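In: turn this into a structure:
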Amino acid sequence: TTRDAVDIAYRRGSERYLLIDTAGIRPRGKHASSVEVFSVMRSERTIRRADVCVLVVDATMGVTAQDKKIAALMQKAHKPSIVLVNKWDLLKPERGAKDVLARLISETRERLFFLSYAPVLVASALTGENVERLFSAIRKIRRGAEERIGTGVLNRLLREAFAANPPPMVSNQRLKLFYATQPRSEDHTLATPEFVLFVNDPKLLGETYARYLEAQLREVQPFPGLPLMLNFRPRTERSPSAGARVSRSEKR
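Out: Here you go, the predicted model:
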């Protein structure tokens, strides 16, 4: 079988999609072959091409090491993502389906904890059960990518977050927020929401605190399926406004 990605034009009602089907990544042996190395490279290229990445997990196998590897590539590329657990028809019991479904979703989320922003859907491609939920999730992602948090609301929210839970001291210094904004995307593709935070020194930011701030933003606007990019920049002494010239930035 070919290991190249295959483009499939698909129409669903009035909506048009270009599905990019990949061969996935096979388990690696002691000595990785050139075929497998190029398979990983092609997967990375395909992920970069896609507007939305859908990780398909086999319900009968659960999240495998290869699934986690692909999910990590999706996260690294900051791509809008959905996790689709397929073959639900093979697991669905006649009774207690609700409990089995809840456990399956919980286990999937636990294994893919680093992709927490991605909705987990359970469906059956064979019977068509819940397949429409996939396209509904894609539409929600597209709408979410167009949502903005107003500058006033954004700054008030972040100041309240800093006041409620101050950043930890680092070398007798504490991270201070001066101003924040959500810049508009410069292109027309489905872009990851970005927030620029002007602070005294980005080096004072810890990963845990960055996750806390992201959680506060999602309480106001959930951005389902969308990773958030928090760009921390130092405010220069010369220009304290939002248009400040920066010497360095850190993205989280």
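
In: extract the C-alpha trace of stretch 182-202 and format it as CSV.
Out: As requested, the backbone C-alpha atoms of stretch 182-202 are provided in CSV (Å, rounded to 0.1, in the frame of the first residue of the first chain):
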residue,chain,number,x,y,z
GLN,A,182,-5.5,39.8,20.4
PRO,A,183,-4.1,40.7,16.9
ARG,A,184,-6.0,39.8,13.8
SER,A,185,-4.8,37.1,11.5
GLU,A,186,-3.0,38.5,8.5
ASP,A,187,-4.3,35.7,6.2
HIS,A,188,-7.7,34.1,5.5
THR,A,189,-6.8,30.6,6.6
LEU,A,190,-8.1,29.0,9.8
ALA,A,191,-5.6,30.5,12.2
THR,A,192,-4.7,29.7,15.8
PRO,A,193,-5.9,32.5,18.1
GLU,A,194,-2.9,34.5,19.3
PHE,A,195,-2.7,36.8,22.3
VAL,A,196,0.2,39.2,22.8
LEU,A,197,1.0,40.1,26.5
PHE,A,198,3.4,42.9,27.2
VAL,A,199,5.2,42.2,30.4
ASN,A,200,8.2,43.3,32.4
ASP,A,201,10.3,40.2,31.6
PRO,A,202,9.1,37.1,29.8
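
In: just the buried positions in it, please.
Out: Neighbour-count burial for stretch 182-202, counted by 16 or more other C-beta atoms under 10 Å, picks out 182, 190, 191, 193, 194, 195, 196, 197, 198, 199, 201, 202. C-betas here are computed from N, CA, C, even on glycine.

In: quick check: the first one touching residue 197?
Out: The one in question is residue 182. No. Residue 182 sits out of contact with residue 197 when judged by C-beta atoms under 8 Å, with a separation of 10.3 Å.

In: picking that back up, narrow the buried residues of stretch 182-202 to those in helices?
Out: Assignment to helices by DSSP state H places none of the buried residues of stretch 182-202 there.

In: what bridges to residue 20?
Out: Applying DSSP bridges to residue 20 yields these beta-bridge partners: residue 7.

In: residues in contact with it?
Out: Residues in contact with residue 20 (C-beta atoms under 8 Å, 6 or more residues apart in numbering) are 5, 6, 7, 8, 46, 49, 50.
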